[in-house]
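Participant: Predicted coordinates and the sequence they were generated for:
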Amino acid sequence: PHLTVRHGGTVTDRLVEANRRYAADFQDPGMGAAPVLHVAVVACMDARLDLHAALGLELGDCHTIRNAGGVVTDDAIRSLTISQRALGTRSVILIHHTSCGLESLTEDFRQELEQEVGQRPAWAVESFKDVDQDVRQSMQRVRTSPFLPHTDDVRGFVFDVTTGLLREIDPAT
């Protein structure tokens with residue numbers, strides 16, 4: 001269900017109120033930070049992706065790393081490295097999706113920001129036109145990172161936002 005904002009309240013106020021209700025019945029699950037299934041999922045931040053539901057995951061099953069596009073950036077490698085080296089994950093699943101907003105952006109976005117605010121962002125937009133190829137590039141970034149000791153089980157998928165199905169991407173194509 002969507003949260004509606006009370007008259008005079010902000011969205012954040014509503015979320016904090018929802019947390020109070022959640023915490024009233026909360027019981028410590030008694031688990032550590034290491035994911036039970038030893039898997040890390042890197043996915044787009046798109047609000048249409050309910051990763052736990054789509055993958056049949058429960059609390060504590062995986063690490064979830066999300067950003068615009070589900071791109072394997074330096075920061076995603078940082079999180080994956082901590083996930084593997086400090087918390088025991090062994091598998092990596094990459095999930096991009098159909099109708100991604102990054103398909104409509106270009107690196108010109110950075111120049112537009114520079115013109116608007118007077119400073120160019122240090123980060124790349126990481127836009128793409130071919131979602132399958134971008135998944136392949138992300139798989140390659142994981143497999144070739146010197147910081148990740150476990151790169152033998154890296155698989156990439158495109159989530160269809162209209163059907164809910166994952167389509168696996170062949171890294172060699």
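Facilitator: Happy to help now that I have it.

Participant: you'd agree Phe157 is up against Val135?
Facilitator: Yes: between Phe157 and Val135 a contact is recorded at 7.1 Å, counting by CB atoms under 8 Å. (Each C-beta comes from the backbone N, C-alpha and C, glycine too.)

Participant: So for those two, which residue has more residues nearby?
Facilitator: When Phe157 and Val135 are compared on other CB atoms under 10 Å, the one with more neighbours turns out to be Val135, at 26 against 20.

Participant: Per-residue pLDDT of that one, please?
Facilitator: At Val135, the predicted lDDT confidence score is 98.

Participant: One more: Glu107?
Facilitator: The score at Glu107 is 87. That number is its pLDDT.

Participant: ok, now the one 4 residues further on?
Facilitator: On the pLDDT scale, Gln111 is placed at 93.

Participant: Count the residues that sit near it.
Facilitator: Applying other CB under 10 Å, we find 12 other residues in the vicinity of Gln111.

Participant: Repeat that for Gly30.
Facilitator: Counted with other CB under 10 Å, residues neighbouring Gly30 total 6.

Participant: Residues that sit against both of Phe157 and Val135, list them.
Facilitator: 94, 96, 169 (CB atoms under 8 Å, 6 or more residues apart in numbering).

Participant: Who is the first one paired with across the strands?
Facilitator: Read that as Leu94. Taking DSSP bridges, one finds Val42, Gly156 as the beta-bridge partners of Leu94.

Participant: Helices of this protein, start to end?
Facilitator: When secondary structure is read from DSSP state H, the chain shows helices at 11-24, 51-55, 74-87, 108-117, 131-144.

Participant: I'd like those helices written out as a markdown table, with distance to Thr162 added.
Facilitator: Formatted as a markdown table, the entries for these read as follows, by distance: least, CB to CB, whole Å:
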| stretch | distance to Thr162 |
| --- | --- |
| helix 11-24 | 27 |
| helix 51-55 | 13 |
| helix 74-87 | 26 |
| helix 108-117 | 26 |
| helix 131-144 | 14 |
